[in-house]
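>>> sequence plus the predicted model coming up.
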Amino acid sequence: MRKNLGTQPALFPMPVVIVAAYGADGSVCAMNAAWAQICDMDKIALFIDKDHKTTKNIYETRAFTVSIADVPNMAPADFFGIATGNKMPDKFERSGCHAVKSEFVNAPVITEFPVALECEFAEEIDTPNIHAVVGKIVNVSAEESVVGDKDKILPEKVNALIFDQYRNGYFAVGEKVGQAWNAGAGLMKETGK
Ligand SMILES: Cc1cc2nc3c(=O)[nH]c(=O)nc-3n(C[C@H](O)[C@H](O)[C@H](O)COP(=O)(O)O)c2cc1C
């Protein structure tokens with residue numbers, strides 16, 4: 001038997017990313033976002049509130065980074081989602097994290113997180129149904145320890161956090177169980193029907 005659970009944002013898994021941007025004064029702000037998605041080979045969409053300090057920074061400096069939050073840095077990652085730079089000007093310093101300027105865009109790369117997508121602001125989508133900030137990914141930087149052959153990022157080394165929207169849990173990534181574009185290939189064979 002299936003149960004009907006009504007309307008809810010029931011997708012799982014959701015990512016945990018940390019969006020970071022400089023303000024006009026050069027200060028760093030960063031926020032936690034689970035509603036984020038790659039939307040083209042070189043684009044990412046962030047479904048983030050306009051009033052967040054980080055969002056305002058993005059509009060001011062027109063660049064941002066998106067870091068994959070990992071298990072060892074769960075505490076600062078969560079703090080970035082609890083505190084707001086609108087009320088806590090030293091939010092980033094209090095997190096204990098550190099940042100260096102991206103070589104490619106005018107945005108901070110948080111050195112504690114293993115992978116960062118470095119983005120130029122591409123567009124804001126603001127309709128009655130959606131508020132999104134779209135970024136053009138101009139570079140991805142990653143700790144060498146999570147990069148394998150042919151510069152492919154190794155998910156098993158990234159130790160990414162997953163967000164559980166049902167009960168606000170953070171989960172860790174499990175093991176690899178198959179190969180995409182291959183696990184279903186057997187079903188492509190002629191059935192004779
Ligand atoms: C797990 C988690 C996921 C979140 N995801 C989002 C999100 O996708 N979009 C959003 O606008 N806010 C999201 N938030 C809330 C912001 O991170 C939070 O409001 C933060 O204080 C904004 O910081 P800022 O004002 O310093 O930029 C999330 C918070 C947590 C803890």
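It's in.
>>> tell me the buried residues in whatever helix or strand residue 117 lives in?
Taking DSSP states H and E as the criterion, residue 117 maps to strand 115-127. Residues of strand 115-127 classed as buried: 115, 116, 117, 118, 119, 121, 122 (neighbour count, 16 or more other Cβ atoms under 10 Å). Quick note: C-beta positions are derived from backbone N, CA and C, even for glycine.
>>> kindly reformat those residues as a markdown table containing pLDDT and distance to the ligand.
Compiled in a markdown table, the buried residues of strand 115-127 are given as follows (pLDDT from 0 to 100; distance: Cβ to the nearest ligand atom, whole Å):
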| residue | pLDDT | distance to the ligand |
| --- | --- | --- |
| 115 | 98 | 18 |
| 116 | 98 | 17 |
| 117 | 98 | 15 |
| 118 | 99 | 18 |
| 119 | 99 | 16 |
| 121 | 98 | 15 |
| 122 | 98 | 18 |
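>>> hmm, back to that, tell me which residues of the helix or strand following the strand holding residue 117 are tucked away?
Using DSSP H and E, the helix or strand that follows strand 115-127 in sequence is strand 130-142. Neighbour counts using 16+ other Cβ under 10 Å place 132, 133, 134, 135, 136, 137, 140, 141, 142 of strand 130-142 among the buried residues.
>>> tell me the one of the residues you listed nearest residue 23?
Nearest to residue 23 out of the buried residues of strand 130-142 is residue 133 (Cβ to Cβ; 15.5 Å).
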